[in-house]
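Engineer: what's the 3D shape of this:
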Amino acid sequence: MSDARTPAQIEADIVRRREQLAETLDEIGVRVHPSTVIGDAKAKVAGTVDRTAGRACAAVNRTVTGVRSRFVGEDGVPRLERVIPVALLVVGLVGLLASSSRKSKG
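Structural biologist: Alright, predicted model coming up:
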């Protein structure tokens with residue numbers, strides 16, 4: 001069994017390999033083109049930002065839900081035994097800040 005190829009077969013192989021090489025070079029050219037590299041980097045950054053923002057949003061939502069559950073009952077009615085002391089504390093702090101800013105100006 002001879003493995004000899006005809007000149008036409010060899011030429012056809014060369015043409016096919018040239019076409020494959022040209023396709024490969026075109027693909028490499030697209031991959032390393034600055035606009036492709038920049039586009040890939042932008043997509044990666046956008047994905048990272050989206051994930052980070054999603055995590056931050058979820059964390060804020062959990063925190064707000066936790067705080068809300070401390071000050072509002074399951075029925076939606078404010079828990080006055082917790083709201084009033086916090087409100088008084090906030091009013092006191094605002095009063096102290098206002099008082100100290102008046103002293104520093106005068």
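Engineer: Show me which positions of the strand or helix carrying Val86 end up buried.
Structural biologist: Following DSSP states H and E, one finds Val86 within helix 80-105. Within helix 80-105, no residue is scored as buried using 16 or more other CB atoms under 10 Å. From N, CA and C alone the C-beta is placed, and that goes for glycine too.
Engineer: mean confidence for it?
Structural biologist: Here helix 80-105 scores 89 as its mean pLDDT.
Engineer: Mind giving me the packing neighbours of it?
Structural biologist: Contacts defined by 3 or more CB pairs under 8 Å, 6 or more residues apart in numbering; DSSP states H and E place helix 80-105 against helix 34-71.
Engineer: what domains does the record give for the chain?
Structural biologist: 7-71, 79-106 (automatic domain parsing).
Engineer: first vs last residue of the first one, how far apart are they?
Structural biologist: Pointing back at domain 7-71 there. 88 Å (CA to CA, to the nearest Å).
Engineer: Pull the distance from stretch 29-49 to the chain's centre.
Structural biologist: Offset of stretch 29-49 from its chain centre (CA atoms, centre = their mean, to the nearest Å): 15 Å.
Engineer: how many other residues sit next to Pro78?
Structural biologist: 11 (other CB atoms under 10 Å).
Engineer: Run through the residues that contact it.
Structural biologist: By CB atoms under 8 Å, 6 or more residues apart in numbering, the contact set of Pro78 is 71-72.
Engineer: Roughly how far does it sit from Arg102?
Structural biologist: 32 Å (CB to CB, to the nearest Å).
Engineer: How about Ala22?
Structural biologist: Counting by CB to CB, the gap from Ala22 to Arg102 is 80 Å.
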